[in-house]
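1. Task: produce atomic coordinates for the following.
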Amino acid sequence: MPPAAPSARTARPRHYLMCRPTHFAVEYAINPWMDPRLPTDSRLAARQWERLCGLLTGLGHRVDRVEAVPGLPDMVFAANAATVIDGRVLVAAFRHPERAPEAAAFGAWFRAHGYREVSTARAVNEGEGDHLLAGGRILAANGFRTSRASHDETARYFGRPVVELTLVDPRFYHLDTALAVLDDQQVMYYPPAFSQRSREQLRALFPDAIEAEERDAVALGLNAVSDGRHVVLPAAATALADRLAARGYQPIGVDLSELLKGGGGPKCCILELRAAAAAAAAPVAAGRGHGVPTGARAHHRTADGRPPGGALG
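-> Next up, the predicted model:
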């Protein structure tokens, strides 16, 4: 029997960065979802994206926009561009050369908008696509698009423990296609996307997690965004939506069928911007490695030997 749903979930306003799919197209194949032989409709992609953006603002969230750059069709998938925690920005170092120029475009946006601590990753690191903040810890994936070497760099830069997870199914090439953080204590994920050791780690950390079925996972149902109460996910993931509702969340289905041709869903389009003040609510104990199961690598050093800081200018 699943845990009883709480009487009410609490939504927390979020700050997001998104990029309109002005130049969206599938011109190359760098994940199993992409097929350049299939036609794409950039106007339809833009309409679907605008509805997503409007939904987020309607829920009370702030959405900033970065200007799309011609020749960078995947820039719409802003989640891959960086990780932003405590007002500090670690810009991605993309694995594939087709996306590498996106790093400069996003880095320039952060610097122009007053972020004082902006650094570009040295190790291959695809931003929030493979780094998800859950409570006081960072869940970080490797296996396809982000290197294991990047995990130490991420831990040092943000001064937070990192739990290393290995992806094994190429359909779920980023962590945010296989796992979604619902709130500080809860996640939902598709177990077969992870190695056996990683599944054990996730069960130890989140014993009451929602586990998705394959049909919802392959609809990219786990590529979802939660504010603690509302969970925006692909409309096709109906069984997962029912499970969320049974736990007291409010699922909201959206149609991003055109962007799915590029291997993206709602979360791929959304990079969360976490300011220092908001991060102060994270459990302090987690910053010392508590709550990480045996066998999980927990790092909690800063790059410069001091607590993470930096705020918006």
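
2. For Val168, list the residues it contacts.
-> Residues counted as contacts of Val168 (C-beta atoms under 8 Å, 6 or more residues apart in numbering) are 143, 193-195. Placement of C-beta: from N, CA and C, glycine included.

3. now with 10 Å?
-> By C-beta atoms under 10 Å, 6 or more residues apart in numbering, the contact set of Val168 is 143-144, 178, 192-196, 198-199.

4. same question, Pro39
-> 25-26, 261.

5. ditto for Thr146
-> 80, 92-95, 121, 123-127, 129-131, 140, 154, 167, 173-175.

6. Now the closest residue to Leu167 other than its chain neighbours, what are its backbone angles?
-> Using C-beta to C-beta, 6 or more residues apart in numbering and skipping the chain neighbours, the partner closest in space to Leu167 is Gly143 (3.7 Å). When read as degrees, to the nearest 10, the backbone of Gly143 gives phi 130, psi -40.

7. ok so, going back, looking at the contacts of Thr146, which are in strands?
-> 131, 140 (DSSP state E).

8. are any of the contacts of Thr146 buried, and which?
-> 80, 92-95, 121, 124-127, 129-131, 140, 154, 167, 173-175 (16 or more other C-beta atoms under 10 Å).

9. Mark which of those residues are part of helices, please.
-> Thr154 (DSSP state H).

10. Tell me which other helices or strands the top helix by length along the chain touches.
-> Scanning the chain for the helix with the most residues, using DSSP H, yields helix 42-58. Contacts defined by 3 or more C-beta pairs under 10 Å, 6 or more residues apart in numbering; DSSP states H and E place helix 42-58 against strand 15-18, strand 62-65, strand 225-226, strand 230-234, strand 250-254, helix 257-260.

11. list the helices and strands the fourth one packs on?
-> The reference is to strand 230-234. Using 3+ C-beta pairs under 10 Å, 6+ apart, strand 230-234 sits against helix 42-58, strand 179-183, strand 225-226, helix 238-246, strand 250-254, helix 257-260.

12. can I assume Ala103 sits in a helix?
-> Yes: counting by DSSP: H, G, I helix; E, B strand; the rest coil, Ala103 is part of a helix.

13. State the pLDDT value of it.
-> According to the prediction, Ala103 has pLDDT 95.

14. ok, now how distant is it from Val124?
-> Distance of Ala103 to Val124, computed by C-beta to C-beta, to the nearest Å: 11 Å.

15. Which residues are in contact with each of those two?
-> With C-beta under 10 Å, 6+ apart as the test, Ala103 and Val124 both reach 92-94.

16. among the helices and strands packed on strand 230-234, which gets the worst mean confidence?
-> Lowest mean pLDDT within the helices and strands packed on strand 230-234: helix 257-260, at a mean of 89.

17. Go through that one and flag the buried ones.
-> Those would be 257-260, for helix 257-260 by 16+ other C-beta under 10 Å.

18. Then stretch 206-226?
-> Within stretch 206-226, the residues that count as buried by 16+ other C-beta under 10 Å are 206, 209-212, 216-226.

19. wait, which of those residues is closest to Leu271?
-> Within the buried residues of stretch 206-226, proximity to Leu271 (C-beta to C-beta) peaks at Val225, which comes in at 10.5 Å.

20. Quick check: bridge partners of the closest one?
-> Val225 has these beta-bridge partners by DSSP bridges: Val232.

21. Count the neighbours of Arg43 for me.
-> Residues lying near Arg43 (other C-beta atoms under 10 Å) number 11.

22. Might one say that it is in contact with Arg20?
-> No: applying C-beta atoms under 10 Å as the test, Arg43 and Arg20 come out as separate, 11.6 Å apart.

23. Next, format the buried residues of helix 257-260 as a markdown table and append distance to Arg148.
-> Below are these laid out as a markdown table (distance: C-beta to C-beta, whole Å):
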| residue | distance to Arg148 |
| --- | --- |
| Ser257 | 34 |
| Glu258 | 33 |
| Leu259 | 29 |
| Leu260 | 28 |
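
24. which among the residues you listed gets closest to Tyr115?
-> Leu259 (26.6 Å).

25. What sits closest to that closest one if chain neighbours are left out?
-> Ala45 (5.6 Å).

26. ok, now Asn31?
-> Nearest residue to Asn31, sequence neighbours excluded (C-beta to C-beta, 6+ apart): Gly263, at 4.2 Å.

27. May I have the secondary structure class of the one you found?
-> Per three-state DSSP, the local secondary structure of Gly263 is coil.

28. Can you list the low-confidence ranges for the protein?
-> 1-7, 30, 277-313 (pLDDT under 70).

29. now do 90
-> The chain contains residues with pLDDT under 90 at 1-8, 23-42, 73-74, 94-99, 143-145, 147, 173, 259-260, 262-264, 276-313.

30. so Phe77 touches Ile270, yeah?
-> Yes: Phe77 is within contact range of Ile270, at 9.4 Å (criterion: C-beta under 10 Å).
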